[in-house]
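1. From the sequence below, what's the structure:
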Amino acid sequence: MRSKLVPKPPIALACGILRDGARVLFLVRRRSDGMEMLELPCVAVHSGENAVALLLVAFREQAGIDGMVCEPVIEGRHNLGSRRRKALVPAIGFAVKAKNCTARPASGFAGFKWMALAEAARKKLSRNTEWLAACGGR
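-> Model prediction:
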């Protein structure tokens, strides 16, 4: 009998928060039914990996912005499991600074929007960004 190789779950979720005054950059992902969902550029961090380095690469790939990852500005808890079987891990929002804030989203995204965190918490958020609503969009 063979045993399944189950990958280890990530230990955290790192998200990049690029601010322009009071607004934050969100990527827009369009579902098959046409509904728009907001998402922060983010990456799952596994044990032994450098969250800042991974987030820098993910931010460049997802948003198309070459930035510098700074200190954590917001923390929450992200559900990796299902709605029934919750598997909570820390979700950390890192401040990102960039000289050129012109976004060029990857092909998986429909575009981008600049909006306040509190306003975005009231919109439809993607699965990786749902934890922001629980934080109250501070």
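2. So which elements touch the helix or strand of the chain with the lowest mean pLDDT?
-> Least confident helix or strand of the chain, by mean pLDDT, DSSP states H and E, is helix 131-135 with a mean of 83. In terms of contacts (3 or more Cβ pairs under 8 Å, 6 or more residues apart in numbering; DSSP states H and E), helix 131-135 is packed against strand 68-79, helix 117-121. Where you see a C-beta, it was placed from the backbone N, CA and C, and this is true even at glycine.
3. switch the cut-off to 10 Å
-> strand 12-20, strand 68-79, strand 88-97, helix 117-121 (3 or more Cβ pairs under 10 Å, 6 or more residues apart in numbering; DSSP states H and E).
4. Tell me which of the ones you listed is the most buried.
-> strand 12-20 (a mean of 21; mean count of other Cβ atoms under 10 Å).
5. Can you give the strand pairings for that one, parallel or anti for each?
-> Neighbouring strands of strand 12-20 in its sheet, by DSSP bridges, are strand 23-30 (antiparallel), strand 42-45 (antiparallel), strand 88-97 (parallel).
6. And for residue 98, nearest residue in space, chain neighbours not counted?
-> Of all residues not flanking residue 98 in the chain, residue 67 sits nearest, at 3.7 Å (Cβ to Cβ, 6 or more residues apart in numbering).
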